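>>> Dropping the sequence and predicted coords here.
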Number of protein chains: 2
Amino acid sequence: MKHSTKQIVLSSRPKGIPVLGNFEIKNIELPELKDNEILLETMFLSVDPYMRGRMNDAKSYAPPYEIGKPIMGGVIAKVIKSNAAKFKENEIVTGNLPWQQYSITTEAGLLKIDTSLAPPSYFLGILGMPGLTAYFGFLHIGKPKVGDTVVVSGAAGAVGMVVGQIAKLKGCRLVGIVGTDEKANILKEEFGFDEVINYKTTANIKKSIAEVCPNGVDIYFDNVGGEISDAVVSNINFHARIVLCGQIALYNNIDIPMGPRLQPMLLTRSVLMQGFIISNYQTQFSEGYNQLS
Amino acid sequence: MKHSTKQIVLSSRPKGIPVLGNFEIKNIELPELKDNEILLETMFLSVDPYMRGRMNDAKSYAPPYEIGKPIMGGVIAKVIKSNAAKFKENEIVTGNLPWQQYSITTEAGLLKIDTSLAPPSYFLGILGMPGLTAYFGFLHIGKPKVGDTVVVSGAAGAVGMVVGQIAKLKGCRLVGIVGTDEKANILKEEFGFDEVINYKTTANIKKSIAEVCPNGVDIYFDNVGGEISDAVVSNINFHARIVLCGQIALYNNIDIPMGPRLQPMLLTRSVLMQGFIISNYQTQFSEGYNQLS
């Protein structure tokens, strides 16, 4: 039986902030399922900040999306039909898959998920790329110690919230930076953040950080970059660790943005700044899954 | 017997580039030598870039110089008279001492040097702060591997030249950046640098670096900061290490200088940037002395 499917394709590369016209919904007919192929029905799509980078035609850790081809990303899907030995009908899987209702793929890169551990959508969050990113970035680069002051920007995001949970488990003082009062309240009341700053309503972000971090900042888990990060770095401690996880504030920039040179501060205070992507830790993923679940 | 001595004092804090008027030569009378004190005659003074920072009234790893007090720094001196058990007349010592012909000090922080190992002035260079800085910064942060491409800015300086020697011993491809053709020639002909760029005569420093580093830059040992560093970072490899040792280009700045934001590059290429000062490695100095001599 042939399937037709809707798909979301990149029709042109965005300049600055993406607009609806950069995307197009197409209807296509899927071919017959061949040997070793699997037909999937999409359950959940993950929309992640790094995807903005893939819309540009530039060298990065993930290759650019092609014009006229569907957006690819983290997906949870159900097996509708399988001609591959490893997968059976009705099993739930995750992989890097196209934004389509139905898609045909091979075994390569497809992972069966254990839905007795957690509901399927969790495997795009705490047990997926965001959870693993938080786990390895915070523990392996941030190296938290009891009593450290930790600042997380983009604190209400999928990665930021997991960093916050781990920081509290490690006995750190935890400060989040977010963009709405609603997020600030949830993080303080439900997720145990010691302080949360709404950068949009704060008159002076640098001063606000200094006030809630009277002993300075030992670990900065940076999801956003830009002026928020400048403000955190101005409060950074000797021997601090800056984990570069995301630079959302800059993803829509066309030119390389300018900012204060941070090297003199990093030098005089012996600070470590480390960029990373989660695939650096691929060989240690099982440790991450076990600890996070 | 009382001694009189000349001393060089900081008479006012420089704004931007220091001028002669910021300093003053004074003649003072030294007091009588007390118990446990040592009278020293200065042989060599070390003039180091970090001293510019101490002329400002700002928080850093070393406290600011006081107005009206002598400049302090690395000094090699001869013991003229000693009331301290550990030091004897005519011994050669090193320490952080005032810029004076004669000075009186205690045992604290004073180190006897072994002049059978090398001439006294070497203990302000390869066997002093610059040598140890190069040794620990390059090996412990840079972590060189055979075949790595290493770029050193300020390559003809006291630290840069030692980094270059160690890099060649470790089997790295070695590129230096300097400011005169004379320095460039010496580094290539006498010190085994594979390529040396004179940033003052190069039309496009970014392109020049790309040309002599066809496989990108694995380790950048940064003594200067500013636009030279921007050019190196634009050629940085995945998993590269940037050792922040000095930021000479910025030491005379009054305001925090602006530059391109480097975090997106550090993030997408999983780069480590680490500031350090040599006192972080104080407990391992004996390893450094042994290896360097």
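Arrived safely.

>>> Kindly list the main-chain dihedrals of residue A:242?
When read as degrees, to the nearest 10, the backbone of residue A:242 gives phi -110, psi 120.

>>> shouldn't it be in contact with residue A:273?
Yes: using CB atoms under 8 Å, residue A:242 is in contact with residue A:273, at 4.2 Å. All C-beta atoms are positioned from the backbone trio N, CA, C, and that covers glycine.

>>> anything in contact with each of these two?
Counting by CB atoms under 8 Å, 6 or more residues apart in numbering or on different chains, the common neighbours of residue A:242 and residue A:273 are residue A:266.

>>> in the stretch 1-150 of chain A, which spans are strands?
A:4-10, A:23-29, A:38-45, A:72-82, A:92-98, A:102-105, A:111-112, A:149-153 (DSSP state E, counting those that start in this stretch).

>>> need the contact list for the residue of the stretch 51-200 of chain A found nearest chain B.
Scanning the stretch 51-200 of chain A for the residue nearest chain B gives residue A:60, at 4.6 Å (criterion: CB to the nearest CB). Counting by CB under 8 Å, 6+ apart, residue A:60 makes contact with A:53-54, B:268.

>>> Next, format those residues as CSV and append distance to residue A:146, pLDDT and neighbour count.
Converted to CSV, the contacts of residue A:60 look like this (distance: CB to CB, whole Å; pLDDT from 0 to 100; neighbours: other CB atoms under 10 Å in any protein chain shown):
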residue, distance to residue A:146, pLDDT, neighbour count
A:53, 36, 88, 18
A:54, 39, 92, 19
B:268, 33, 89, 20
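
>>> count of neighbours near the residue of the stretch 101-250 of chain A found nearest chain B?
Closest contact between the stretch 101-250 of chain A and chain B, by CB to the nearest CB, is at residue A:244 (4.4 Å). Residues lying near residue A:244 (other CB atoms under 10 Å in any protein chain shown) number 29.

>>> Whether the strand or helix carrying residue A:164 contacts chain B - can you check?
Per DSSP states H and E: residue A:164 is located in helix A:158-169. No: interface with chain B: helix A:158-169 contributes nothing (CB under 8 Å from any CB of the partner chain), its closest point being 12.8 Å away.

>>> any idea of the mean pLDDT in that helix?
In this model, helix A:158-169 has an average pLDDT of 96.

>>> Give me the contact list for it.
A:48, A:125-126, A:130-131, A:133-135, A:137-139, A:144, A:150, A:152-155, A:174, A:176, A:187, A:191-193, A:219, A:221, A:223, A:245-246, A:292.

>>> Repeat the analysis, applying 6 Å as the threshold.
Residues from elsewhere that reach helix A:158-169, judged by CB atoms under 6 Å, 6 or more residues apart in numbering or on different chains: A:125-126, A:130-131, A:133-134, A:138, A:150, A:152, A:154, A:174, A:191-193, A:221, A:223.

>>> Just want the angle from it to strand A:149-153.
Put simply, helix A:158-169 runs at 170 degrees to strand A:149-153, going by axes from the mean of the first three to the mean of the last three CA atoms, to 10 degrees.

>>> where's the lowest-mean-pLDDT helix or strand in chain A relative to the chain centroid, distance-wise?
One helix or strand of chain A scores below all others by mean pLDDT, DSSP states H and E: helix A:285-292, with a mean of 85. Mean-position distance between helix A:285-292 and its chain equals 17 Å (CA atoms, centre = their mean, to the nearest Å).

>>> go on, stretch A:20-39?
What separates the centre of stretch A:20-39 from the centre of its chain is 26 Å, taken as CA atoms, centre = their mean.

>>> Please name the nearest non-neighbouring residue to the spatially most central residue of chain A.
Of all residues in chain A, the one closest to the mean position by CA atoms, centre = their mean is residue A:130, 4.6 Å from it. Closest residue in space to residue A:130, ignoring its immediate chain neighbours: residue A:158 at 3.6 Å, by CB to CB, 6 or more residues apart in numbering or on different chains.

>>> among the contacts of helix A:158-169, who's most crowded?
The member of those surrounded by the most neighbours (other CB under 10 Å) is residue A:152, with 33 neighbours in all.

>>> pLDDT value on that one, please?
Turning to residue A:152, the model gives it a pLDDT of 98.

>>> who in the stretch 101-250 of chain A is up against chain B?
A:225, A:244, A:247, A:250 (CB under 6 Å from any CB of the partner chain).

>>> Most neighbours among the residues you listed, which one?
The most crowded member of these is residue A:244, carrying 29 neighbours; neighbours defined as other CB under 10 Å.

>>> quick one: it and residue B:267 touch, right?
Yes: between residue A:244 and residue B:267 there is a contact under CB atoms under 6 Å: 4.4 Å.

>>> Show me the beta-bridge partners of the residue of the stretch 101-250 of chain A closest to chain B.
Here residue A:244 sits in beta bridges with residue A:222, residue A:275, going by DSSP bridges.

>>> OK, contacts around it?
Contacts of residue A:244 (CB under 6 Å, 6+ apart): A:222, A:275, B:263, B:266-267.

>>> One more pass at 7 Å, please.
When contacts are counted by CB atoms under 7 Å, 6 or more residues apart in numbering or on different chains, residue A:244 touches A:222, A:273-275, B:263, B:266-267.

>>> Is residue A:81 bridged to anything, and to what?
Those that pair with residue A:81 in a beta bridge, by DSSP bridges, are residue A:39.

>>> Check what pLDDT it gets.
Per-residue pLDDT puts residue A:81 at 96.

>>> How many neighbouring residues does it have?
Using other CB under 10 Å, residue A:81 is surrounded by 16 other residues.

>>> Now for it: which residues touch it?
Neighbour list for residue A:81: A:33, A:39, A:89 [criterion: CB under 7 Å, 6+ apart].

>>> Write the ChimeraX selection for whichever of those residues are buried.
This is the ChimeraX syntax for the buried subset of the contacts of residue A:81, where burial follows 16 or more other CB atoms under 10 Å in any protein chain shown:
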select /A:33,39
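
>>> Give the other helices and strands that the least confident helix or strand of chain A contacts.
helix A:129-136 (3 or more CB pairs under 7 Å, 6 or more residues apart in numbering or on different chains; DSSP states H and E).

>>> tilt between the helix it packs on and strand A:149-153?
Interaxial angle, helix A:129-136 versus strand A:149-153 (the same axes, to 10 degrees): 160 degrees.

>>> Would you mind pulling the contact partners of helix A:129-136?
The contact list for helix A:129-136 (CB under 7 Å, 6+ apart) reads A:74, A:125, A:158-159, A:162-163, A:166, A:245, A:278, A:281, A:285, A:288, A:291-292.

>>> The same query, at a cut-off of 8 Å, please.
Applying CB under 8 Å, 6+ apart, the contact partners of helix A:129-136 are A:46, A:48, A:74, A:124-125, A:157-160, A:162-163, A:166, A:245, A:276, A:278, A:280-281, A:284-285, A:288-289, A:291-292.
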